[in-house]
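Student: Show me how the following folds:
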Amino acid sequence: MNFTSEPIVSVKEASIFQDNETVLSNVNFSINKGEFVYLIGRTGSGKSSLLKTLYADIPLRLGDVHVAGYEIKNIRSKDVPHLRRKLGIIFQDFELFQDRTVSENLEFVMRATGWKDRSKIKKRATEVLMQVGLGSVSSKMPFQLSGGEQQRVVIARALLNEPSILLADEPTGNLDPEVSLGIFELFKQINKSGTAILMATHDFKLIETHAFRRLVCENGKLIDEQKD
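Tutor: So this is what the prediction gives:
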């Protein structure tokens, strides 16, 4: 497949920090529309810090990073929510409000990102739940769902604003192998619809059986296996 459009993510000569310690230096890579890319490496190798830098949760101190049209190094705090509307962020530990129903979790995010029309909010929440195979859980509380179902809700939440890329941090890390495969198949479906995916993972069985480009965090460097 050829990717000819402007990259969604462009990273040049960046250093990635965790607290005040450099975890990755001289990082260079780009991700184009529709790509599926693994981010792999040992615990503590910088994967999560890199993802957090991309969505402006950790400041970029050195280098040049552009994500979804935003320059991360000089991004203003008031523009960070606008950046994140163009991204879908998926966490390993779900981060759902346990005292709100599934639909209320989704509606909270939509209102926080500028949705105002109640009927459109309801319609979009239904659409994304159907997309992830959870059309009948909108009135349930998160604790009433299995781990795999909760992760599907998290993916639905990430899709609400039709992001150009999903940034997923160990999305199958807490799930059983069979459930993990179902979640991964869902990611593949989303990717086929044109959404790029950068997925940090330790699941080497998935990596070995589903061949996609790999970015490897190792010894303080990021190796782009497409180039090396």
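Student: Okay, and the beta partners of the residue most central in space within the chain?
Tutor: Centroid check for the chain by C-alpha atoms, centre = their mean gives residue 167 as the closest residue, at 1.7 Å. Under DSSP bridges, the beta-bridge partners of residue 167 are residue 89, residue 198.
Student: continuing past the helix or strand that contains residue 66, what's the next helix or strand?
Tutor: Here residue 66 sits within strand 62-67, counting by DSSP states H and E. Toward the C-terminal end, the helix or strand that comes next after strand 62-67 (DSSP H and E) is strand 70-71.
Student: can you list contacts of that next one?
Tutor: With contact meaning C-beta atoms under 8 Å, 6 or more residues apart in numbering, strand 70-71 is reached by 56, 64-65, 79, 82-83, 86. (C-beta placed from N, C-alpha, C; glycine too.)
Student: okay, stretch 122-135 in PDB with CA atoms only?
Tutor: These are the backbone C-alpha positions of stretch 122-135, laid out as PDB (Å, rounded to 0.1, in the frame of the first residue of the first chain):
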ATOM      1  CA  LYS A 122     -27.100  10.200  21.600                       C
ATOM      2  CA  LYS A 123     -26.900   9.200  18.000                       C
ATOM      3  CA  ARG A 124     -23.100   9.200  17.900                       C
ATOM      4  CA  ALA A 125     -22.800   7.300  21.100                       C
ATOM      5  CA  THR A 126     -25.100   4.600  19.700                       C
ATOM      6  CA  GLU A 127     -23.100   4.500  16.400                       C
ATOM      7  CA  VAL A 128     -19.700   3.900  18.100                       C
ATOM      8  CA  LEU A 129     -21.100   1.300  20.400                       C
ATOM      9  CA  MET A 130     -22.500  -0.600  17.400                       C
ATOM     10  CA  GLN A 131     -19.200  -0.200  15.700                       C
ATOM     11  CA  VAL A 132     -17.400  -2.000  18.500                       C
ATOM     12  CA  GLY A 133     -20.000  -4.700  18.800                       C
ATOM     13  CA  LEU A 134     -21.700  -3.400  22.000                       C
ATOM     14  CA  GLY A 135     -25.000  -2.200  20.900                       C
END
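Student: How about that stretch, which residues are buried there?
Tutor: Neighbour counts over stretch 122-135 (16 or more other C-beta atoms under 10 Å) mark 124-125, 128-129, 131-132, 134 as buried.
Student: quick one, strands of this protein?
Tutor: 9-18, 21-31, 36-41, 62-67, 70-71, 87-90, 165-169, 196-200, 213-218, 221-224 (DSSP state E).
Student: mind checking how far the helix or strand of the chain at the bottom of the mean pLDDT ranking is from the chain centre?
Tutor: Using mean pLDDT, DSSP states H and E, helix 204-209 stands out as the lowest-scoring helix or strand of the chain, at a mean of 84. Distance of helix 204-209 from the chain centroid (C-alpha atoms, centre = their mean, to the nearest Å) equals 19 Å.
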